[in-house]
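Enquirer: model this:
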Amino acid sequence: MLSFKAVIIPGNRRKDGTYGVVIRVTFKGKSRRLMTTLTCTPSDLTRTLKIKNPTILNKSEALIADMRDAVKDLSPFDLEGHDVDWVVSHVKGKLSQESFRLDFFEWSEKYILTKTETTRRAYSCALNTFERFLGKREIDINDISRGLLLDFMEQVDNEKKMHFDVKKGKLMEGKKEKIPKGASTRHLAKLEHLFNAAKDKFNDEDAGRILIPRSPFSKIAKVYPMSNGQRNLGRELMQKIISAQVDSEVMRTALDIFIVSFGLMGANMADLYYAKPVRSEWVYNRQKTASRRADKAEMRVSLPGDLRCYLERLEGAKGGWWLNRLHEFASSKDFATARVNRCLRKWCEDNGVEVFTFYAARHTWASLARKEGVDKATIDDALGHKGSFQIADIYAEKAWELIQEANEKVLALFDW
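Expert: Sure, this is the predicted structure:
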């Protein structure tokens, strides 16, 4: 039997002569005490330390009523496998849940400080967009509902693209452009991650302490449309890029960077930009995921002979980096990506090709490898993905020979 009773503990008299009211929880013959904020003076008590003050009695009964409400949904079957300590934790969780408040923006801003600069920018962008929708930078996390998120997505997908006006020193609406469809889904994914991180932090299901009970994001269908810029180019168009002859030195460098990324199994710009000198094999830790992977996202790529001329042009003068031409081409990895994309856009316009971006090299390599019969696990390893077999990944080392064979199959499709 489960019971609650307001009591005074004789030995708990304070220095000022008052006593704190304690709720005694009894279950399966064992008792635990829950402290309250109620206090009694000696005049509020009988000689045997029973509460006689009507006001304190009423407040105690109201508190006990709240505790009974906290366990009213628990059936005898629910209680069967638990002890009095579990009941106390459950009651505490329920009572604190009712008064729990957490500002979503304040929590998120503290949480993203643990992330890399690039990741912080992405999350900050989503938070700023959410702020524009709300018209304020505060909302209790338990006030975020499915309906609110759907309205947020609709506004994002229909608002005009913003740009920073240097002269006016503020964000301004574009004249014609709208944010691409699917931008709301990407923002929603960032907000969902922040929301779930808060649930992991403040909820304790084993103890019955659920301060954030809702999951509004899980009820919203998410679609991640792939932009044309990130598409698979196919063998014919990729051959055209490899064989391209251009007069502009800047355009030549941009195409070389794109081809080298493709030939090195879709290497990211950050890894290419900061690569140290290598000989026959490039061994590096993938910057995007190294900090959150047990294996430090180690990658090994044997340098293909087919890429020799492209690599030699990008090596440039000898120095502390491998592809020094990238550092002459752009002052940072982000600027390098932006500049390559501008050049690729111009090349597409000049050649009547649908626009693609630097990231298309990675998509194209993976798609061609799959068409050549390379299994998905090897493709995941080649791209530096975590993979679908997480348990096996813990024990099995990557088969670098298979990965190299996969790259050779893809490169053998082209005339270099």
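Enquirer: now the strands for the chain?
Expert: For the chain, the strands defined by DSSP state E occupy 2-13, 19-27, 30-40, 160-165, 170-178, 281-285, 298-302.
Enquirer: so which of those gets nearest residue 400?
Expert: Residue 400 lies closest to strand 298-302 among those, at 5.1 Å (C-beta to C-beta). Backbone N, C-alpha and C define where each C-beta goes, glycine included.
Enquirer: from the contact counts, what lies against the closest one?
Expert: The contact analysis (3 or more C-beta pairs under 8 Å, 6 or more residues apart in numbering; DSSP states H and E) places strand 298-302 against strand 281-285, helix 400-411.
Enquirer: just name the most buried of the ones you listed.
Expert: Ranked by mean neighbour count, the helices and strands packed on strand 298-302 are led by helix 400-411 with a mean of 17 (mean count of other C-beta atoms under 10 Å).
Enquirer: contacts for that helix?
Expert: If you take C-beta atoms under 8 Å, 6 or more residues apart in numbering as the criterion, helix 400-411 is touched by 263, 265, 300-302, 304, 306, 365, 368-369, 372-374, 378-379, 381-382.
Enquirer: got the angle between it and strand 298-302?
Expert: Per axes from the mean of the first three to the mean of the last three C-alpha atoms, to 10 degrees, the angle that helix 400-411 makes with strand 298-302 is 50 degrees.
Enquirer: extract the C-alpha trace of helix 400-411 and format it as PDB.
Expert: Presented in PDB, the C-alpha positions along helix 400-411 are these (Å, rounded to 0.1, in the frame of the first residue of the first chain):
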ATOM      1  CA  TRP A 400      41.600  -0.100 -47.500                       C
ATOM      2  CA  GLU A 401      42.500  -2.500 -50.300                       C
ATOM      3  CA  LEU A 402      38.800  -2.800 -51.200                       C
ATOM      4  CA  ILE A 403      38.400   0.900 -51.100                       C
ATOM      5  CA  GLN A 404      41.300   1.400 -53.400                       C
ATOM      6  CA  GLU A 405      39.900  -1.100 -55.800                       C
ATOM      7  CA  ALA A 406      36.600   0.700 -55.800                       C
ATOM      8  CA  ASN A 407      38.300   4.000 -56.700                       C
ATOM      9  CA  GLU A 408      40.300   2.300 -59.500                       C
ATOM     10  CA  LYS A 409      37.000   1.000 -60.900                       C
ATOM     11  CA  VAL A 410      35.500   4.400 -61.000                       C
ATOM     12  CA  LEU A 411      38.600   6.200 -62.500                       C
END
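Enquirer: tell me what angle it forms with strand 281-285.
Expert: Interaxial angle, helix 400-411 versus strand 281-285 (the same axes, to 10 degrees): 110 degrees.
Enquirer: rounded mean pLDDT for helix 400-411, please.
Expert: In this model, helix 400-411 has an average pLDDT of 91.
Enquirer: follow-up on the earlier one: filter the contacts of helix 400-411 down to just the buried residues.
Expert: With neighbours counted by 16 or more other C-beta atoms under 10 Å, the contacts of helix 400-411 contain buried members at 263, 265, 301, 304, 306, 365, 368-369, 374, 378-379, 381-382.
Enquirer: now, those residues that are in helices?
Expert: Here DSSP state H is the test, and the buried ones among the contacts of helix 400-411 give 263, 365, 368, 369, 378, 379, 381, 382 as lying in helices.
Enquirer: could I get the residues you listed as TSV with distance to residue 219?
Expert: Listed next are these as TSV, based on distance: C-beta to C-beta, whole Å:
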residue	distance to residue 219
263	44
365	36
368	38
369	36
378	36
379	32
381	35
382	36
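Enquirer: so which of the residues you listed comes closest to residue 235?
Expert: For these, the minimum distance to residue 235 (C-beta to C-beta) is 6.5 Å, reached by residue 368.
Enquirer: any idea how far residue 286 is from the closest residue to that closest one other than its chain neighbours?
Expert: Leaving aside its sequence neighbours, residue 368 sits nearest to residue 410 (C-beta to C-beta, 6 or more residues apart in numbering; 5.0 Å). Residue 410 sits at a distance of 19 Å from residue 286 (criterion: C-beta to C-beta, to the nearest Å).
Enquirer: count the neighbours of the closest residue to residue 119 other than its chain neighbours for me.
Expert: Computed as C-beta to C-beta, 6+ apart, the closest residue to residue 119 that is not its neighbour in sequence is residue 112, at 7.1 Å. The tally of other residues near residue 112 (other C-beta atoms under 10 Å) stands at 21.
Enquirer: how far away is residue 112 from residue 217?
Expert: Residue 112 sits 17 Å away from residue 217, taking C-beta to C-beta as the criterion.
Enquirer: residues in contact with residue 236?
Expert: Residues near residue 236 by C-beta under 8 Å, 6+ apart: none.
Enquirer: that one and residue 368, how far apart?
Expert: Counting by C-beta to C-beta, the gap between residue 236 and residue 368 amounts to 11 Å.
Enquirer: what does residue 211 give?
Expert: 49 Å.
Enquirer: re the thing from before, now the ones in helices among the buried ones among the contacts of helix 400-411 as TSV including distance to residue 189 and pLDDT?
Expert: Below are those laid out as TSV (distance: C-beta to C-beta, whole Å; pLDDT from 0 to 100):
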residue	distance to residue 189	pLDDT
263	31	94
365	25	94
368	28	94
369	27	93
378	27	88
379	23	89
381	25	85
382	25	87
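Enquirer: nearest to residue 3, of those residues?
Expert: Residue 3 lies nearest to residue 381 out of those, by C-beta to C-beta, at 59.9 Å.
Enquirer: how far away is the closest one from residue 301?
Expert: Counting by C-beta to C-beta, the separation of residue 381 from residue 301 is 12 Å.
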